[in-house]
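Asks: Quick one: sequence plus predicted model below, questions after.
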Amino acid sequence: MRNRHQIIAFIFAFIGSTFAFGQTSKVVSGATNFKVKYVLGTCEGTFDAPKGEAVFNEKSPENASFDIEIAANTFKTGNNSRDKDMKSDKYFYIEKYPNIHFKSTKVEKKNGKYEATGKLTIRDVTKTVTLPFDAKKNADGGYALSSTFEVNRLDYKVGTKDWKLKDVVTVDLKAVIR
């Protein structure tokens, strides 16, 4: 009888710790927007929403993790010629590198803001980056996550140095996880 109570207590403790540390969730919706300055102004565009998995609980951010991808072939600026060029081997080379990938190695809360440090891979280049993000709990128990960060496109071999196009791209990433 005592062993049965110990087993039941262990099961409840295990289930409780799973909820305390966070559950694996899927990215169910979101948006990926970007902007980069060029000689005629600012080019704005989108990729489809990120896809992937996330473990997050605001009470234990140190146990969080993210593994998300963005399909590079969903690049859109509203200019078909530019979009086709950006998908070519000169820029994203989507035939060979179809996804942009981020996998966290550490998540923490600093000064009231969350930060996810991990590996960002674009084309065949992987670099360690730290992405700041906000998290708001939804009524359904999921989270709305948002991050705005900058990426130097040249660090990832997306194009070459060009006086007409700035090197730094601002990315605004939103994801709803459930």
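Replies: Sure, I can see it. Numbers count the residues shown, from 1 in each chain.

Asks: ok, and what's touching stretch 71-85?
Replies: Residues outside stretch 71-85 that contact it (Cβ atoms under 8 Å, 6 or more residues apart in numbering) are 43-48, 51, 86-87, 91-92, 94, 97-100. For glycine as for every other residue, the C-beta is placed from the backbone atoms N, C-alpha and C.

Asks: so which of those is the most crowded?
Replies: Most neighbours among the contacts of stretch 71-85, by other Cβ atoms under 10 Å: Phe92, with 25 neighbours.

Asks: who touches that one in this structure?
Replies: Going by Cβ under 8 Å, 6+ apart, the list of residues near Phe92 reads 72-73, 75, 86, 122-123, 158.

Asks: quick revisit: if you look at the contacts of stretch 71-85, which of them are in helices?
Replies: 86-87 (DSSP state H).

Asks: Farthest-apart pair in the contacts of stretch 71-85, please.
Replies: The span of these, defined through Cβ to Cβ, is set by Cys43 and Lys51 at 24.4 Å.

Asks: in this structure, what spans have low per-residue confidence?
Replies: 1-23 (pLDDT under 70).

Asks: could you pull out the strands for the protein?
Replies: Along the chain, counting by DSSP state E, strands occupy 24-38, 41-47, 51-55, 65-71, 99-110, 113-122, 125-137, 143-152, 168-177.

Asks: Touching stretch 154-173 from outside, list them.
Replies: Here stretch 154-173 has contacts from 30-39, 50, 90-92, 122-125, 127, 131, 146-153, using Cβ under 8 Å, 6+ apart.

Asks: how about 6 Å then?
Replies: Defining contact as Cβ atoms under 6 Å, 6 or more residues apart in numbering, one finds that stretch 154-173 is touched by 32-39, 91, 122-123, 125, 147-153.

Asks: next one: stretch 53-70
Replies: Residues from elsewhere that reach stretch 53-70 (Cβ under 6 Å, 6+ apart): 20-22, 24-25, 32, 47, 50-52, 99-104, 107-109, 114, 116, 143, 177.

Asks: got the buried residues for stretch 171-178?
Replies: Residues 171, 173-177 are the ones in stretch 171-178 that count as buried (16 or more other Cβ atoms under 10 Å).
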